[in-house]
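Enquirer: heads up, no residue letters with this:
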């Protein structure tokens with residue numbers, strides 16, 4: 001098994017919890033518990049919520065933002081490594 005294949009499998013495995021993190025984060029950012037927030041293509045406030053501190057008093061948001069950012073950074077690193085491997 002090649003290193004590129006291992007990275008691809010790791011990308012799929014690492015991508016599995018993305019729906020959980022994104023759902024939790026979107027529910028906090030858009031202030032809703034509605035399940036439909038997961039399928040709506042709303043991105044502007046979500047991106048602002050990741051980059052900027054839009055709810056500084058909300059500790060749940062801050063904690064989830066930190067974990068979700070870390071998760072996305074690792075995902076990006078794995079993706080770049082996959083693309084750079086020949």
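Expert: That came through fine. Everything numeric here is computed off the predicted structure, so don't read it as measured data.
Enquirer: helix, strand or coil for residue 53?
Expert: Of the three states, residue 53 takes coil according to DSSP: H, G, I helix; E, B strand; the rest coil.
Enquirer: name the nearest residue to it, sequence neighbours excluded.
Expert: What sits nearest to residue 53 in space, not counting adjacent residues and going by Cβ to Cβ, 6 or more residues apart in numbering, is residue 62, at 7.4 Å. Heads up, the C-betas are built off the backbone N, CA and C, glycines and all.
Enquirer: pretty sure the one you found sits against residue 56.
Expert: Yes - Residue 62 lies in contact with residue 56 (Cβ atoms under 8 Å); the separation is 7.5 Å.
Enquirer: who has more neighbours out of the two?
Expert: A count of neighbours by other Cβ atoms under 10 Å puts residue 62 above the other of residue 62 and residue 56, at 14 against 9.
Enquirer: tell me which element that one falls in.
Expert: Element membership for residue 62 (DSSP states H and E) is helix 59-84.
Enquirer: rounded mean pLDDT for that helix, please.
Expert: Regarding helix 59-84, the rounded mean pLDDT is 94.
Enquirer: what residues does stretch 72-84 touch?
Expert: 4, 7, 8, 10, 11, 14, 15, 18, 50 (Cβ atoms under 8 Å, 6 or more residues apart in numbering).
Enquirer: where does the fourth one land in three-state SS?
Expert: In the three-state summary, residue 10 is assigned as helix, counting by three-state DSSP.
Enquirer: give the contact list for it.
Expert: Residue 10 touches residue 78, counting by Cβ under 8 Å, 6+ apart.
Enquirer: what's the distance between it and residue 36?
Expert: 31 Å (Cβ to Cβ, to the nearest Å).
Enquirer: quick revisit: tell me which residues of the helix holding residue 62 come out buried.
Expert: Buried positions in helix 59-84, judged by neighbour count with 16 or more other Cβ atoms under 10 Å: 61, 64, 65, 68, 71, 78, 82.
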